[in-house]
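This is a predicted model, with the sequence first.
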Amino acid sequence: METDDLIAARGGTHGKWEEQSSRAYKIKDAMCLHARVLPPPLSEALDHIAIKIARILSGDPMEPDHWRDIQGYARLAELWINRESESEDYDLAKRKADLEMG
């Protein structure tokens with residue numbers, strides 16, 4: 001499939017690029033201050049979930065892939081949390097304090 005054909009096909013499920021990207025930006029901007037204190041795997045999961053939410057709002061909300069992708073990113077975050085809780089290396093309070101100081 002050619003790139004232009006792919007863009008046209010995704011427009012049906014993801015919505016117009018300008019609208020979808022604007023919504024994703026606004027969702028991510030609202031999360032920005034809170035997501036900074038999260039470890040990268042959780043912050044990235046939220047970032048990808050925000051994009052999927054924007055696609056649902058801008059494109060076809062009945063597209064099952066959007067919802068499966070959200071489940072997938074949430075599951076990746078859950079698996080990471082389970083591994084990290086076993087090692088107890090991440091300290092949220094310390095991360096917040098470090099960000100406030102610097």
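That came through fine.

So Ala9 versus Arg36, what's the distance?
When Cβ to Cβ, to the nearest Å is the yardstick, Ala9 and Arg36 sit 35 Å from each other. Using the backbone N, CA and C atoms, a C-beta is placed for each residue, glycine as well.

quick one: low-confidence ranges for the chain?
Per-residue confidence of the chain (counting by pLDDT under 70) places the weak regions at 33-35, 87-90, 92, 95, 99, 101-102.

Show me the helices in it, by range?
If DSSP state H is used as the criterion, the helices of the chain fall at 3-14, 17-35, 40-58, 64-87, 92-101.

Among those helices, show me which one is buried the most.
Most buried of the helices of the chain by mean neighbour count (mean count of other Cβ atoms under 10 Å) is helix 40-58; its value is a mean of 19.

How far off centre is it?
In terms of Cα atoms, centre = their mean, to the nearest Å, the centre of helix 40-58 is set 2 Å apart from its chain centre.

Which neighbouring elements make contact with it?
Using 3 or more Cβ pairs under 8 Å, 6 or more residues apart in numbering; DSSP states H and E as the contact criterion, the elements in contact with helix 40-58 are helix 3-14, helix 17-35, helix 64-87.

Make TSV out of those and add distance to Arg55.
Written out in TSV, the entries for the helices and strands packed on helix 40-58 read as follows (distance: least, Cβ to Cβ, whole Å):
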stretch	distance to Arg55
helix 3-14	4
helix 17-35	6
helix 64-87	6
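
right, and Ala50 touches Ile27 too?
Yes: distance between Ala50 and Ile27: 4.1 Å, which falls inside the contact criterion (Cβ atoms under 8 Å).

Now do the phi/psi pair for Gly59.
Comment: the main-chain dihedrals of Gly59 come out as phi -120, psi -130, following degrees, to the nearest 10.
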